[in-house]
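S.K.: have a look at this prediction, sequence included:
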Amino acid sequence: MPTAVRRSTPRPIPRKTHVFVSFDFDRDRVLRDFVIGQAHNPDSPFNVTNWSLKEAAPMRTWLAEAERRIARCDVVVVMIGPFTYRAPGVIKEIAITRRLGVPVRQVIGYRDASPTPVPGAGRLYRWSWPTLKTLLAPPPRRAA
């Protein structure tokens, strides 16, 4: 007689926040890489699904591509370095973010820095793993 196979009820996979990372492409790529690395932590509540594009890229449709990527994300994180506030690509990405109504968070990328925030991108937060986890936690699910 064959033995019965017990099937457990599948647990729902926890939803992660989809993040677009905006940063000064010419100066602060390392900040993007650090955020991507933290997204791979086992207890990370977010994944980086898109990141900033170099505005001067050979893509004729840079603005449209940036808008498409931002629209697919739950939140935009601006990694703030010394000159991010004047990076043309970041400024345009924030304008798109605001127009689309996507939440934006500014995170200071370098320890002991006092950078200028990007205009219109909200409050600055100091970077720490607990802070990032709180800022990028998925929104609570609505009851049906």
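M.R.: All right, it came through fine.
S.K.: and residue 79, that's in a helix?
M.R.: No: using DSSP: H, G, I helix; E, B strand; the rest coil, the assignment for residue 79 is strand, not a helix.
S.K.: for it, list each beta-bridge partner.
M.R.: residue 107 (DSSP bridges).
S.K.: so it touches residue 31, yeah?
M.R.: Yes: counting by C-beta atoms under 8 Å, residue 31 is a contact partner of residue 79 at 3.8 Å. Glycine gets a C-beta too; all of them are placed from N, C-alpha and C.
S.K.: joint contacts of those two?
M.R.: Common neighbours of residue 79 and residue 31, using C-beta atoms under 8 Å, 6 or more residues apart in numbering, are 23, 109.
S.K.: who's more crowded, the two?
M.R.: Using other C-beta atoms under 10 Å as the criterion, residue 79 and residue 31 rank with residue 79 on top: 27 against 23.
S.K.: longest helix in this structure, please.
M.R.: In the chain, with assignment by DSSP state H, the single longest helix is helix 88-100.
S.K.: show me what that one is packed up against.
M.R.: Using 3 or more C-beta pairs under 8 Å, 6 or more residues apart in numbering; DSSP states H and E as the contact test, the elements touching helix 88-100 are strand 17-22, helix 62-71, strand 75-80, strand 104-108.
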